[in-house]
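Participant: Take this sequence and fold it.
(chains A, B, C and D)
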Number of protein chains: 2
Amino acid sequence: MQRPLVERTADAIIKFITSEDLSTGDKLPNEYELATTLEVGRSTIREAVRSLVSRNILEVRQGSGTYVSENTGISEDPLGFAFVEDTLKLTEDLFALRYVLEPEVAMLAAYNRTEEQLAYLEQISREIEEAMETSDGLHFELDIEFHSIIADMSGNIAMGHLIPVINQSITLYNSYYTNNQSKAETIQAHREIVEGIRGQNPFQAKYAMQAHIADNQRQLEVNRKNKTAKATSGEKSIEKNDKN
Amino acid sequence: MQRPLVERTADAIIKFITSEDLSTGDKLPNEYELATTLEVGRSTIREAVRSLVSRNILEVRQGSGTYVSENTGISEDPLGFAFVEDTLKLTEDLFALRYVLEPEVAMLAAYNRTEEQLAYLEQISREIEEAMETSDGLHFELDIEFHSIIADMSGNIAMGHLIPVINQSITLYNSYYTNNQSKAETIQAHREIVEGIRGQNPFQAKYAMQAHIADNQRQLEVNRKNKTAKATSGEKSIEKNDKN
DNA sequence: CTCACAAAAGTCATCCGATGTTTCAGTTTT
DNA sequence: AAAACTGAAACATCGGATGACTTTTGTGAG
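Facilitator: Residues are numbered from 1 along each chain as shown, chains lettered A, B, ... in the order given. Below you'll find the model as predicted:
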């Protein structure tokens, strides 16, 4: 019996999910039931669940139950940025990564997209435009979704998983990218990308995406200069909450 | 008090590590001490630790203690591939990802490398050649290290974190990439990459890397055909262990 | 004095029971 | 019907007890 019981129990829970054919949003049995079913103590279940929560496979709501997570499998700190101190450079570097990756992804998406995916992309695209016209900000998630769909369209599983992670990391670790980018430019860029994908024109999609990300990078640079200029009381803006 | 105490405790432990200036391999106080220091119950500490373990930030050894993990922050399933079924396609897609990324990384590495990094790369390179001459196989880790160093050399934090993750995922989810690649070709390719980086010749590094990965992809393709040809008793080779 | 082995101390693993909080769904009241 | 109340269900947190494992210490033989 080499591996700790907790880890084996975590595996057993994953197996349980697949064997019971539970999918995102579904509810697991309560802790006591799981404990008796898997023949371990309740604390063991709790630790195993905690482990799966930190891998974003599960999600617990106090008083309600334990559920299969919606964003199955994308953990909060997937690439181990927890100890990176210079979050500004990290953000820049993440953008550099996107600049290499996403044009390629867009090109593949133009090749491999399905009609269904296209419809969804166009819907999200419309929602983004609406959100931009009404409230400013708060379309982070929509933007991440936009790029994630395109990654899915590429047909490359790895890209499909990685792109959301990168984008999520940016919003997580970035206190500079305040999304002040010109709305008009963003809308225009998105439209060109969508057009390229719709028309299955790989190069249009690629270059539009390239320009879009380059634009973001420029905007980040501008924000950076503003911030560092008036950086006097500049604390980390990502606040971890204190003790009780 | 929104966020669960366990998560806040996990953050507190990370803070504790940095504030006490602990680094990889160092030992944390025992559970009881941590519990009193952070003013929470022992079970809470255990769950928080479990969460950090699953993110590979910590490592527990029964009977010995809890330690800061060596591979700080790189989790076992960082990109959420736990539920991907077609591990063969996943592997191919991961290679496609590498094909886009690593030549770029190699180019940056040629620009930004330090002498110290170069020395380490050359050392690992030598070790790989030795390992290849004596025992066959088992140089996975060295190969991952090779590519990781180059990613570090690039100076891009995100790349530095991502490349090892990708390479690790390949060895994790791949039962096809049996590393049968021609040793001579690998050694030759590595040498050219190193030469490009040493001579700070970005394009040599880039194209050598491109060729190297393309070669791996070809090899994967060959293995795939062999495997699928004689696929009769073909079970998943990645075994999760059973219950006690 | 050194080595090997046994004892002991330290630490995590696991289970358990108790109590507090939160959520949710009925049910009652207005 | 809408709002307030109530109670069951479920997770959150705590701390004690026992077991298993690792490391250190102690002891005796050679």
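Participant: domain assignment for chain A?
Facilitator: The record's domain split for chain A, according to automatic domain parsing, is A:5-68, A:87-229.
Participant: got those as JSON lines, with mean neighbour count, distance to chain B and mean pLDDT columns?
Facilitator: (C-beta placed from N, C-alpha, C; glycine too.) As requested, these are exported to JSON lines (neighbours: other CB atoms under 10 Å in any protein chain shown; distance: least, CB to the nearest CB, whole Å; pLDDT from 0 to 100):
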{"stretch": "domain A:5-68", "mean neighbour count": "17", "distance to chain B": "4", "mean pLDDT": "88"}
{"stretch": "domain A:87-229", "mean neighbour count": "19", "distance to chain B": "4", "mean pLDDT": "88"}
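Participant: how about the ones you listed, which one is nearest DNA strand D?
Facilitator: Closest of the domains of chain A to DNA strand D is domain A:5-68, at 3.1 Å (criterion: CB to the nearest atom of the strand).
Participant: Which residues of chain A lie near DNA strand D?
Facilitator: Among all residues of chain A, those adjacent to DNA strand D (criterion: CB under 7 Å from any atom of the strand) are A:1, A:28, A:30-32, A:43, A:46, A:60-66.
Participant: Now with 6 Å, please.
Facilitator: Contact residues (CB under 6 Å from any atom of the strand) of chain A with DNA strand D: A:30, A:31, A:43, A:46, A:60, A:62, A:63, A:65, A:66.
Participant: For the helix or strand harbouring residue A:105, enumerate the helices and strands it packs against.
Facilitator: Following DSSP states H and E, the helix or strand that holds residue A:105 is helix A:87-112. Here helix A:87-112 is seen to pack against helix A:140-153, helix A:157-173, helix A:183-198, helix A:202-229, helix B:87-112, helix B:157-173 when contacts are counted using 3 or more CB pairs under 8 Å, 6 or more residues apart in numbering or on different chains; DSSP states H and E.
Participant: next SSE after it?
Facilitator: Reading on from helix A:87-112 to the C-terminus, the next helix or strand found by DSSP H and E is helix A:115-133.
Participant: helices and strands around that following helix, which ones?
Facilitator: Helices and strands touching helix A:115-133, as assessed by 3+ CB pairs under 8 Å, 6+ apart, comprise helix A:140-153, helix A:183-198.
Participant: Any idea which of those gets closest to residue A:92?
Facilitator: Using CB to CB as the measure, helix A:140-153 is the one of the helices and strands packed on helix A:115-133 that comes nearest residue A:92, at 17.7 Å.
Participant: Okay, angle between that closest one and helix A:202-229 too, please.
Facilitator: When axes from the mean of the first three to the mean of the last three CA atoms, to 10 degrees is applied, the directions of helix A:140-153 and helix A:202-229 differ by 150 degrees.
Participant: before we move on, back to that, closest to DNA strand C out of the helices and strands packed on helix A:87-112?
Facilitator: helix A:140-153 (21.2 Å).
Participant: picking up where we left off before, what angle sits between the helix holding residue A:105 and helix A:140-153?
Facilitator: Using the same axes, to 10 degrees, one finds that helix A:87-112 and helix A:140-153 are set 40 degrees apart in direction.
Participant: From the chain's centroid, how far away is helix A:87-112?
Facilitator: Remark: helix A:87-112 is offset 13 Å from the chain centroid, using CA atoms, centre = their mean, to the nearest Å.
Participant: Same check on stretch A:132-149?
Facilitator: On the basis of CA atoms, centre = their mean, the separation between the geometric centre of stretch A:132-149 and that of its chain is 12 Å.
Participant: Export it to CSV, keeping only CA atoms.
Facilitator: What follows is the C-alpha trace of stretch A:132-149 in CSV, where atoms were taken according to Å, rounded to 0.1, in the frame of the first residue of the first chain:
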residue,chain,number,x,y,z
MET,A,132,-18.8,47.1,-24.1
GLU,A,133,-21.5,49.5,-25.1
THR,A,134,-23.3,49.4,-21.8
SER,A,135,-21.1,48.7,-18.8
ASP,A,136,-17.4,49.2,-19.1
GLY,A,137,-15.3,46.5,-17.8
LEU,A,138,-16.5,43.1,-16.6
HIS,A,139,-16.2,41.5,-20.0
PHE,A,140,-13.0,39.7,-18.9
GLU,A,141,-14.8,36.5,-18.8
LEU,A,142,-16.5,37.0,-22.1
ASP,A,143,-13.1,37.8,-23.7
ILE,A,144,-11.6,34.7,-22.2
GLU,A,145,-14.5,32.7,-23.6
PHE,A,146,-14.0,34.3,-27.0
HIS,A,147,-10.4,33.2,-27.2
SER,A,148,-11.2,29.8,-25.6
ILE,A,149,-13.8,29.0,-28.3
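Participant: Not counting its own residues, what contacts it?
Facilitator: Counting contacts by CB atoms under 8 Å, 6 or more residues apart in numbering or on different chains, the residues outside stretch A:132-149 that touch it are A:102, A:117, A:120-121, A:124-125, A:127-128, A:131, A:160, A:163-164, A:167-168, A:171, A:179, A:183, A:186-187, A:190.
Participant: same deal with stretch A:16-33?
Facilitator: The set of residues that contact stretch A:16-33 without belonging to it, under CB under 8 Å, 6+ apart, is A:13, A:34, A:37-38, A:42, A:45-46, A:49, A:58, A:65-70, A:72, B:83.
Participant: if you set the cut-off to 6 Å instead, what comes out?
Facilitator: For stretch A:16-33, the surrounding residues in contact (CB atoms under 6 Å, 6 or more residues apart in numbering or on different chains) are A:42, A:45, A:65, A:66, A:67, A:68, A:70, A:72.
Participant: Compile these into TSV and extend it with columns for secondary structure.
Facilitator: Below are the contacts of stretch A:16-33 laid out as TSV (DSSP: H, G, I helix; E, B strand; the rest coil):
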residue	secondary structure
A:42	helix
A:45	helix
A:65	strand
A:66	strand
A:67	strand
A:68	strand
A:70	coil
A:72	coil
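Participant: what two of the residues you listed are the furthest from one another?
Facilitator: When these are compared pair by pair using CB to CB, the farthest-apart members prove to be A:42 and A:70, with a separation of 25.6 Å.
Participant: what about residue A:203, distance to residue B:139?
Facilitator: Taking CB to CB, to the nearest Å as the criterion, residue A:203 is separated from residue B:139 by 40 Å.
Participant: Please read the previous query as pertaining to residue A:102.
Facilitator: Spatial separation of residue A:102 from residue B:139 under the definition CB to CB is 33 Å.
Participant: now do residue A:183
Facilitator: In this structure, residue A:183 and residue B:139 are separated by 52 Å, where distance is defined by CB to CB.
Participant: With residue A:189 instead?
Facilitator: When CB to CB is applied, the distance between residue A:189 and residue B:139 equals 45 Å.
Participant: Also residue A:200?
Facilitator: With distances taken as CB to CB, residue A:200 is found 43 Å from residue B:139.
Participant: now swap in residue A:104 and tell me
Facilitator: 29 Å.
Participant: what's the answer for residue A:88, then?
Facilitator: Distance, residue A:88 to residue B:139, using CB to CB: 37 Å.
Participant: repeat for residue A:81
Facilitator: Here the distance between residue A:81 and residue B:139 works out to 29 Å (CB to CB).
Participant: For residue A:94, list the residues it contacts.
Facilitator: Contacts here follow CB under 6 Å, 6+ apart; on that basis residue A:94 touches A:166, A:169, A:170, B:158.
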